[in-house]
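Student: What follows is a predicted protein model with its sequence.
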Amino acid sequence: MFRKETRLVPIARTDEELVALSIEGDKDSFDQLIVRWERPIYALAYRVLGREEDARDVCQDTFLRAYRALPGFKGQAKFSSWLYRIALNLCRDWIRRQRRTRTVPMPEGVDLIELASEQGPVESIEDLVARRQMSATVAEAMQQLPEEQRTAIVLKEYHGLTFQEIADLQGCPLSTVKTRLYQGLSVLRRHLEYRGMTRTGSEKAS
Amino acid sequence: MNDTLHWCDDKDTLIDYLYGELDAEAKRVFEGHLRTCLACAHDVEELRAVRTELAGWQPPEAALGFTAEAVRAAAPQPPTAAQTATVLQPPQWAFAQVPVWARAAAAVLVIGAGLGLANLQVQYGPAGLQVSTGWMTPAAAPARGAAAANASAAGWRPELAALEADLRREMQTLRTSTSTTAPEPAVASVAARAGGDEQAILRRVQSLIQESERRQQQDLALRLRQFGSDVEMQRRADLVRLEQGFDRFQGRSGAAIAQQQRVLDLLVRASTTKVP
């Protein structure tokens, strides 16, 4: 009973506090860190790799490595940045392996069964198909980008990292991050325009 | 003009502006440039449109919550700072992390396996309790079921034959005595003789029964072991078959999904293509 009450308290704890408790051997604290960061790490891996199954593996591996390396984490960076770094390194390894085996990653596409179960009362099946199709096209376009540009865009667009944080993670100067973002977004623009997806692209198509 | 060209080449500032990271003064100046430079204004507008499209890209909803279990399973004990810092620390035996009951079970298994390897034989016969080890007597090897049964039978068979011969002799004397003399004294003489042998026969029958029971127990143990190994083999075969089935199913459903996707692609393309 008393134990349950004490478990409720750490929700408000910072990452760094939870890390300190985890190092002391408190498994619940590390569980809380997982609950807090599992989804962002999975989303990061998914957007960088483009495949759900691999993203799950990378996500799992990220926390496993973090758990093992926890005593070495001295708080020199934010816990989230440290976690992102582990995840991105794993993604990079995965991409290298893929390149070596020469398999073309196919973005997760539209699944009708999934669509049928997702369909709510507001959104029509046509809208849903269009939205999922758009996601698939964006995913496909993202996969065409060089890994550095894709990662920079993912970290900026979906994780709200500052340019400096991205530069630290990618180990490059600040201006390189901005160049990667500009070039990556420009390539995406051409790709999406070609598919008639951006507003301006649609205007041109019509 | 030079100023305009400077801004047009400065993609860093464009990106800063796009992500709202210019301070108020720099923003004002850059917006002034955008009002006079159609190319840059178009660039900004297009990149904004790309960002809008990107915002709609969500990863599929994965049933998360798997990570905590995986971490616990792969690393049951959290590493402590002392463990990673001290290089000279003795290695942690994985056995030390196993619960006590599991250690006890493992110990029983190890002892059992050891006895099996040593081919321990315990025999109880007229010569008393005999314990022997080693593979020099192949007849008692547990894997050879029939041989084992025969070996244990070898001890009691001569005894049974002797008892049978005794009984036949008794019957014979009884029959001859009834044919020649009066029945009463014959029965009395037989009863008198039987009185002396009765104890011996009883003992012999008891030992035979015990022997038979022991043999049955051995048989039972043997059958149980065979049954266990049969079940295990069957289980493995089933698992392999199940796995193959799943693989086939996954391959088939994967192909079906790919086909559906192709059809859907065609449909969407057809519906978005305008008829001239």
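Tutor: Done, it's in.

Student: any low-confidence regions in chain A?
Tutor: For chain A, the stretches with pLDDT under 70 are A:1-11, A:101-128, A:131, A:197-206.

Student: which residues of it fall in helices?
Tutor: Assigned by DSSP state H, chain A shows helices spanning A:2-8, A:15-23, A:27-49, A:52-69, A:79-101, A:112-118, A:125-144, A:147-157, A:163-170, A:174-194, A:199-205.

Student: So which of the ones you listed is the most surrounded?
Tutor: helix A:147-157 (a mean of 23; mean count of other Cβ atoms under 10 Å in any protein chain shown). For every residue, glycine as well, the C-beta is placed using N, CA and C.

Student: Now do it and helix A:27-49, the angle between them.
Tutor: 120 degrees (axes from the mean of the first three to the mean of the last three Cα atoms, to 10 degrees).

Student: is helix A:147-157 up against chain B anywhere?
Tutor: Yes - contact of helix A:147-157 with chain B (Cβ under 8 Å from any Cβ of the partner chain) involves A:I153, A:K156, A:E157.

Student: Please name the nearest non-neighbouring residue to the last one.
Tutor: In other words, A:E157. The shortest distance from A:E157 to any residue other than its chain neighbours is 5.2 Å, reached at B:L54 (Cβ to Cβ, 6 or more residues apart in numbering or on different chains).

Student: what kind of secondary structure is the one you found in?
Tutor: helix (DSSP: H, G, I helix; E, B strand; the rest coil).

Student: Show the contacting residues for it.
Tutor: A:V138, A:I153, A:E157, A:L188 (Cβ atoms under 8 Å, 6 or more residues apart in numbering or on different chains).

Student: Would you confirm that the first one contacts B:W57?
Tutor: Yes - between A:V138 and B:W57 there is a contact at 4.2 Å, judged by Cβ atoms under 8 Å.

Student: what ranges do the strands span in chain B?
Tutor: Along chain B, counting by DSSP state E, strands occupy B:121-125, B:128-132.

Student: Centroid-nearest residue for chain A?
Tutor: The C-alpha lying nearest the average C-alpha coordinate of chain A belongs to A:L44 (Cα atoms, centre = their mean; 0.7 Å).

Student: Please report how far the residue nearest to A:E157 lies from A:I153.
Tutor: 7 Å (Cβ to Cβ, to the nearest Å).

Student: Can you check which residues contact both of the two?
Tutor: Here B:L54 and A:I153 have A:L188 as joint contacts, going by Cβ under 8 Å, 6+ apart.

Student: From A:L185, how far off is A:A130?
Tutor: Taken as Cβ to Cβ, the span from A:A130 to A:L185 is 23 Å.

Student: Likewise for A:A141?
Tutor: In terms of Cβ to Cβ, A:A141 sits 11 Å off from A:L185.

Student: With A:R13 instead?
Tutor: Note on A:R13: its distance to A:L185, by Cβ to Cβ, is 37 Å.

Student: can you check A:L18 too?
Tutor: On the measure of Cβ to Cβ, A:L18 and A:L185 end up 36 Å apart.

Student: what does B:R241 give?
Tutor: B:R241 sits 52 Å away from A:L185, going by Cβ to Cβ.

Student: Kindly give the local confidence score, pLDDT, for B:P76.
Tutor: The model reports B:P76 with a pLDDT of 58.

Student: Ok, B:A255 next?
Tutor: pLDDT for B:A255: 78.

Student: cool, the one 10 residues further on as well?
Tutor: Predicted confidence (pLDDT) for B:D265: 86.

Student: From chain A, how far out is it?
Tutor: 8 Å (Cβ to the nearest Cβ, to the nearest Å).

Student: dump the residue contacts of that residue.
Tutor: Shown in contact with B:D265 (Cβ under 8 Å, 6+ apart): no residues.

Student: Return the distance of it relative to B:A73.
Tutor: For B:D265 relative to B:A73 (Cβ to Cβ), the value is 40 Å.

Student: again, but for B:A270
Tutor: As judged by Cβ to Cβ, B:A270 and B:A73 stand 49 Å apart.

Student: Equivalent analysis for B:I209, please.
Tutor: From B:I209 to B:A73 the distance is 54 Å (Cβ to Cβ).

Student: doesn't A:L90 make contact with A:D61?
Tutor: Yes - under the criterion of Cβ under 8 Å, A:D61 makes contact with A:L90 at 5.5 Å.

Student: which ones are touching A:R92?
Tutor: If you count contacts by Cβ under 8 Å, 6+ apart, A:R92 has them with A:E147.

Student: can you check A:Q170 too?
Tutor: For A:Q170, counting by Cβ under 8 Å, 6+ apart, the contacting residues are A:E148, A:T151, A:A152, A:T176, A:V177, A:R180.

Student: The last one and A:A152 touch, don't they?
Tutor: If I follow you right, that is A:R180. Yes - assessed by Cβ under 8 Å, A:R180 is found in contact with A:A152 at 4.2 Å.

Student: Tell me the residue of the stretch 101-250 of chain B that sits nearest chain A?
Tutor: B:Q250 (11.6 Å; Cβ to the nearest Cβ).

Student: Give me the phi and psi for B:L22.
Tutor: Dihedral pair for B:L22: phi -90, psi 140, per degrees, to the nearest 10.

Student: mind checking how far it is from B:L267?
Tutor: Distance, B:L22 to B:L267, by Cβ to Cβ: 45 Å.

Student: more neighbours, these two?
Tutor: B:L22 (18 against 12; other Cβ atoms under 10 Å in any protein chain shown).

Student: Please name the spatially closest residue to that one (chain neighbours excluded).
Tutor: Take B:L22 and drop its neighbours on the chain: the residue closest to it by Cβ to Cβ, 6+ apart is B:D16, 4.9 Å away.

Student: A:M134 too?
Tutor: A:M134's closest residue in space is B:G56 (Cβ to Cβ, 6+ apart), at 5.9 Å.

Student: The one you found is in contact with A:V138, isn't it?
Tutor: Yes - using Cβ under 8 Å, B:G56 is in contact with A:V138, at 7.1 Å.

Student: what about chain B, any weak spots by pLDDT?
Tutor: Per-residue confidence for chain B (pLDDT under 70) gives these ranges: B:1-5, B:63, B:66-67, B:75-103, B:106-107, B:110-156, B:177-196, B:274-276.
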